[in-house]
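Student: Provided below are the primary sequence and the corresponding predicted coordinates.
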Amino acid sequence: MTDTAPFLEIIDLSVEMKTETGTIRVLDNVSLQIRRGTTLGIVGESGCGKSMTALAMMRLLPPGFEITSGQIILDGEDITRASDARMRALRGNDISMIFQEPMTSLNPVFTVGDQIAEAVRQHQGLDKAKAEQRAIEMLKSVQIPGAEARLHSYPHEFSGGMRQRVMIAMALACQPRLIIADEPTTALDVTVQAQIFALMRELQEETGTAIMLITHDLGAVAELADDVAVFYSGWRIESGPAASILRNASHPYTSGLMSCTPRLRLGKAAAGGAADLREIAGMVPQLGQMPQGCRFAPRCALADDHCRSAVPPDVGVAPAHSAKCWKTEAEVLA
Amino acid sequence: MNTQAIASPDARADTAPLPASKPDHPLRETLKIFLKNKSAAGGLILLTIILLGTTIGPALYGVDAYEMVWMPLSPPGDGTPLGTDYIGRDILAGILIGGRVTLIVGAASAVMTIVIGILVGAFSGFFGGRVDAALMKFTEFFQVLPSLLLAMVLVTIFSPSIGTIIFAIGIVGWAQVARLTRAEFLRIGNLEYVKAARAAGARDGYLMFRVILPGSLPPIIVSSALVTGASILFEAGLGYLGLGDPNTLSWGMIIGQNQNYLLDAWWTVTCPGIAIFLTVLAISLIGDGINDALNPRARKRA
């Protein structure tokens, strides 16, 4: 069911923040594509612009932030130009969002059934009984046992994993075309994480919805994503098919991230010596104090004077796989 | 094999065991806790007696509160249960009928105070920025005005009737409710579930009154009880100063009219005073009880 044409396309998106001392670019000419029915993983450190991209897509940027250039095209419709009323209709119905903290993402004063049913009633105009029916179906589809009884439970009566299931049920209730999952499993136990991923994959196969998975966990990306975009300091520095990136990371930052990821090694592998877990030296540059050339240059082992003075271009390294780096071609050729 | 077991969408691992009985609706649980609280239940009984006394009491007692029925300033027990006032009107009848105005004015102006306060606070806390700055300046303006003086001026300008008195009391008391509501909106407005509701396409009005307001109600309900008590005292104060509706008796008015005879006929002032005291006490006890019932930290788990 995968369609090769991108169904969501972000073209040269820039987001700026106005401060007392001037404007700061938090997203700089970011381009992304998501194909129908596939998952795009967005990876990067805190503050690199992952969540900003998601909020820009929902047009829910915090006060002071503004989309200054670029387009976000969902199925041929430019969201950056949509009216507020149109955005409200899109939110929840066509694009929905799953948040990081399942413990606080549900309203404590209403039952989970009410909360799921409300979204359906608002967007699809179903009456109360039908909306409740739909809520039961959704709870069943996210494998909550005893859905009929749990419909009348309050969020505090659920565990973290169960609440994230409810959040997923809410996000899916209106059969959106795109789900933005902002670190959906960061707050959960590892075993529960695996269950949530399995559930998301299963539901995606059933409904054909596209998923944008925001995470800093490369394991999650390997598990779920078809494509990956790596963010650093408001730049999208590498993007391509997940397999290609995980196997053959071209940007020094991406390969640095990979070697930061701990691997579980048992038996003979463990006997081979301590895992070479390396860190990326240095700190993410402060917003507003960006280096002149490549933003990663101050932390990059390969950086030379050229890197420090000129902004690197997007260089194709493999089919559909590109990296924003001066050194990429040399690395690949070597 | 091991990984398969972890990755399978098996829900058992994170399913909390279902509670044996279906948990109560939070409101019912709150009510249970409230009724177990002895002083709160006492307050509720007291208030019920007062309400019954003022509604069906006059008809049961059958004495006209506006007629001279006995010798002026005769003490309790001497022909009338609570004595008579300076023109020979029955004090008990006056208290029974006067409670109506006091309670209606107290309740209506409390409702007005709370509605204005919630609206101003909600808009202020929800929209922030310039709206917030403007509304809070406006609120501060009302907060620094001497409230009794303002109410007196308002009642004097617009002839004293029940409507103007309700308006005057309502307009001077809403500032603190507005501040409380604003604070709650600021706190809850930043919680994830509000963001989630917004991301689900909720309109501003829905966010304000269906998503944020229910969560911010507990402290507002508690303060409403205090506001109601304060409004009743306020009404009594205005009545005492002779600014009540001249066509109907109220507790404050009985006290005001008889204050010159306080030393000769204590009952004329003391009895309606006790009525005011008991009413405000009952409401305060209820407010305390609601506070304890709504505040999970004050609950004792068995």
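Tutor: Sure thing, it's come through.
Student: ok, now how distant is the residue nearest the centre of chain B from residue B:238?
Tutor: When CA atoms, centre = their mean is applied to chain B, the residue found nearest the centroid is residue B:228 (2.7 Å). In this view, residue B:228 and residue B:238 are 16 Å apart by CB to CB, to the nearest Å. All C-beta spots, glycine's among them, are computed from the backbone N, C-alpha and C.
Student: which intervals of the chain have sub-threshold pLDDT?
Tutor: Answering for chain A, as no chain was given. By pLDDT under 70, the low-scoring segments of chain A are A:1-5, A:264-277, A:329-334.
Student: Not quite, go with chain B.
Tutor: Along chain B, segments meeting pLDDT under 70 span B:1-26, B:295-302.
Student: repeat that with 50
Tutor: In the predicted model, chain B carries pLDDT under 50 at residues B:1-21, B:300-302.
Student: for it, what spans make up the helices?
Tutor: Applying DSSP state H to chain B gives helices spanning B:2-7, B:26-36, B:38-55, B:57-61, B:91-127, B:129-144, B:147-157, B:162-189, B:192-199, B:204-206, B:213-240, B:251-258, B:266-294.
Student: In JSON lines, list the ones you listed along with distance to residue A:47.
Tutor: Shown next, in JSON lines, are these (distance: least, CB to CB, whole Å):
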{"stretch": "helix B:2-7", "distance to residue A:47": "31"}
{"stretch": "helix B:26-36", "distance to residue A:47": "38"}
{"stretch": "helix B:38-55", "distance to residue A:47": "50"}
{"stretch": "helix B:57-61", "distance to residue A:47": "69"}
{"stretch": "helix B:91-127", "distance to residue A:47": "27"}
{"stretch": "helix B:129-144", "distance to residue A:47": "24"}
{"stretch": "helix B:147-157", "distance to residue A:47": "49"}
{"stretch": "helix B:162-189", "distance to residue A:47": "23"}
{"stretch": "helix B:192-199", "distance to residue A:47": "18"}
{"stretch": "helix B:204-206", "distance to residue A:47": "29"}
{"stretch": "helix B:213-240", "distance to residue A:47": "29"}
{"stretch": "helix B:251-258", "distance to residue A:47": "62"}
{"stretch": "helix B:266-294", "distance to residue A:47": "39"}
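Student: Tell me which of the ones you listed is the most buried.
Tutor: Burial of those is given as mean neighbour count (mean count of other CB atoms under 10 Å in any protein chain shown); helix B:251-258 ranks first at a mean of 25.
Student: The residue nearest to the centre of chain B contacts residue B:104, correct?
Tutor: No - counting by CB atoms under 8 Å, residue B:228 stays clear of residue B:104, with 11.8 Å between them.
Student: contacting residues for residue 293?
Tutor: Looking at chain A here, since you left the chain open. The contact partners of residue A:293, by CB atoms under 8 Å, 6 or more residues apart in numbering or on different chains, come to A:306-312.
Student: meant chain B, my bad for not saying
Tutor: Listed by CB under 8 Å, 6+ apart, the contact partners of residue B:293 are B:30-31, B:33-34, B:37, B:40, B:299.
Student: Residue of the stretch 51-200 of chain B nearest chain A, please.
Tutor: residue B:200 (3.6 Å; CB to the nearest CB).
Student: Who does the residue positioned nearest the centre of chain A form a beta bridge with?
Tutor: Centre of chain A computed as the mean C-alpha position; nearest residue by CA atoms, centre = their mean is residue A:214, 2.1 Å away. Taking DSSP bridges as the rule, residue A:214 bridges to residue A:42, residue A:182.
Student: so how far is the longest helix seen in chain A from its chain's centroid?
Tutor: Counting by DSSP H, the longest helix found in chain A is helix A:190-207. Helix A:190-207 sits 15 Å away from the centroid of its parent chain (CA atoms, centre = their mean, to the nearest Å).
Student: packing partners for it?
Tutor: helix A:160-172, helix A:218-224, helix B:2-7 (3 or more CB pairs under 8 Å, 6 or more residues apart in numbering or on different chains; DSSP states H and E).
Student: who wins for proximity to residue B:44 among those?
Tutor: Of all these, helix A:160-172 sits nearest to residue B:44, with 36.6 Å by CB to CB.
Student: Which elements pack onto the closest one?
Tutor: Using 3+ CB pairs under 8 Å, 6+ apart as the test, helix A:160-172 ends up in contact with strand A:95-98, helix A:112-124, helix A:128-141, helix A:190-207.
Student: export the third one as PDB, just CAs?
Tutor: So that's helix A:128-141. The C-alpha trace of helix A:128-141 is given here as PDB (Å, rounded to 0.1, in the frame of the first residue of the first chain):
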ATOM      1  CA  LYS A 128     -23.500  10.500  21.500                       C
ATOM      2  CA  ALA A 129     -24.300   6.800  21.200                       C
ATOM      3  CA  LYS A 130     -22.300   6.400  18.000                       C
ATOM      4  CA  ALA A 131     -19.400   8.300  19.400                       C
ATOM      5  CA  GLU A 132     -19.400   6.000  22.400                       C
ATOM      6  CA  GLN A 133     -19.500   3.000  20.200                       C
ATOM      7  CA  ARG A 134     -16.500   4.300  18.300                       C
ATOM      8  CA  ALA A 135     -14.600   4.900  21.500                       C
ATOM      9  CA  ILE A 136     -15.200   1.300  22.500                       C
ATOM     10  CA  GLU A 137     -13.900   0.200  19.100                       C
ATOM     11  CA  MET A 138     -10.800   2.300  19.500                       C
ATOM     12  CA  LEU A 139     -10.100   1.100  22.900                       C
ATOM     13  CA  LYS A 140     -10.400  -2.500  21.600                       C
ATOM     14  CA  SER A 141      -8.100  -1.700  18.700                       C
END
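Student: For the stretch 101-250 of chain A, what lies in contact range of chain B?
Tutor: Residues of the stretch 101-250 of chain A found near chain B (CB under 8 Å from any CB of the partner chain) are A:101, A:104-110, A:119, A:122-123, A:143-146, A:149, A:152-154, A:157-162, A:165, A:167, A:170, A:189, A:191-192, A:194-195, A:197-199, A:202.
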